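Engineer: with the input below, show me the fold.
(2 chains)
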Amino acid sequence: NAGVTQTPKFQVLKTGQSMTLQCAQDMNHEYMSWYRQDPGMGLRLIHYSVGAGITDQGEVPNGYNVSRSTTEDFPLRLLSAAPSQTSVYFCASSRQAGGRYEQYFGPGTRLTVT
Amino acid sequence: AQKVTQAQTEISVVEKEDVTLDCVYETRDTTYYLFWYKQPPSGELVFLIRRNSFDEQNEISGRYSWNFQKSTSSFNFTITPSQVVDSAVYFCALSEATSGTYKYIFGTGTRLKVLA
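Structural biologist: Predicted structure coming up:
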């Protein structure tokens, strides 16, 4: 199993550009989430999904969109990039059975917005 | 409101010393889950342990041990003894049954430097 994969690993955008961060998992996990990691702030939840077709907002959703058309994929879209969105983005997935609620994280995407 | 506090921003120890990383949490749920993750310099997040609120048994895994105390709302992590490979940022996280076990609240992390 590849686990959770993310592409790209690095990205530089200009202010106002849009892009999609890709996330896929092959563990048949129901739940998927996007977090951003900023220095001194830990990880904060952007959006999450409890299954195909179901998404909801986390703590810091502004400026981002998500969709979940399949169990495997959960892309994160930046609509109009801003320097405040410079961060490291992590996708995670977890199952919801047997009390094993730990999330498995992808390798991250380092995004710089100039 | 739920919150996780890791008051130690950075800790430096000499290899073979014992080191404890502190984690204090706040929650009103009676059913919740606590986690520790390691983030080495390469940047990925590695799951270390999960503990649920009904299980206060301490856990030991090799050089790692965890002390869960509901009375003080703490879930501390000890490395005995430390090694250079333990150098990383360590995150403590909380999830709650009522708000969704998939929604983690992370602490701000503790950077551990183990010097040779």
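
Engineer: show me what contacts the most centrally placed residue in chain A?
Structural biologist: With distances taken as CA atoms, centre = their mean, chain A has residue A:34 as the residue nearest its mean C-alpha position (2.8 Å). Contact analysis of residue A:34 by CB atoms under 8 Å, 6 or more residues apart in numbering or on different chains lists A:21, A:23, A:45-48, A:58, A:64, A:66, A:74, A:76, A:89-92. All C-beta spots, glycine's among them, are computed from the backbone N, C-alpha and C.

Engineer: pull the contacting residues for the nearest residue in space to it that is not next to it in sequence.
Structural biologist: Computed as CB to CB, 6 or more residues apart in numbering or on different chains, the closest residue to residue A:34 that is not its neighbour in sequence is residue A:46, at 4.4 Å. Listed by CB under 8 Å, 6+ apart, the contact set of residue A:46 reads A:33-36, A:58-61, A:64, A:66, A:76, A:89.

Engineer: rerun that using 7 Å as the cut-off
Structural biologist: Taking CB atoms under 7 Å, 6 or more residues apart in numbering or on different chains, we find residue A:46 in contact with A:34-36, A:58, A:60-61, A:64, A:76.

Engineer: which one of those is nearest to chain B?
Structural biologist: Nearest to chain B among those is residue A:58, at 6.8 Å by CB to the nearest CB.

Engineer: show me what contacts the closest one?
Structural biologist: Shown in contact with residue A:58 (CB under 7 Å, 6+ apart): A:45-48, B:103.

Engineer: ok, 6 Å please
Structural biologist: Contacts here follow CB atoms under 6 Å, 6 or more residues apart in numbering or on different chains; on that basis residue A:58 touches A:45-48.

Engineer: likewise for residue B:96?
Structural biologist: Per CB under 6 Å, 6+ apart, neighbours of residue B:96: B:27, B:29, B:32.

Engineer: and residue A:97, what pLDDT?
Structural biologist: On the pLDDT scale, residue A:97 is placed at 69.

Engineer: cool, the one 4 residues further on as well?
Structural biologist: According to the predicted model, the pLDDT of residue A:101 comes to 77.
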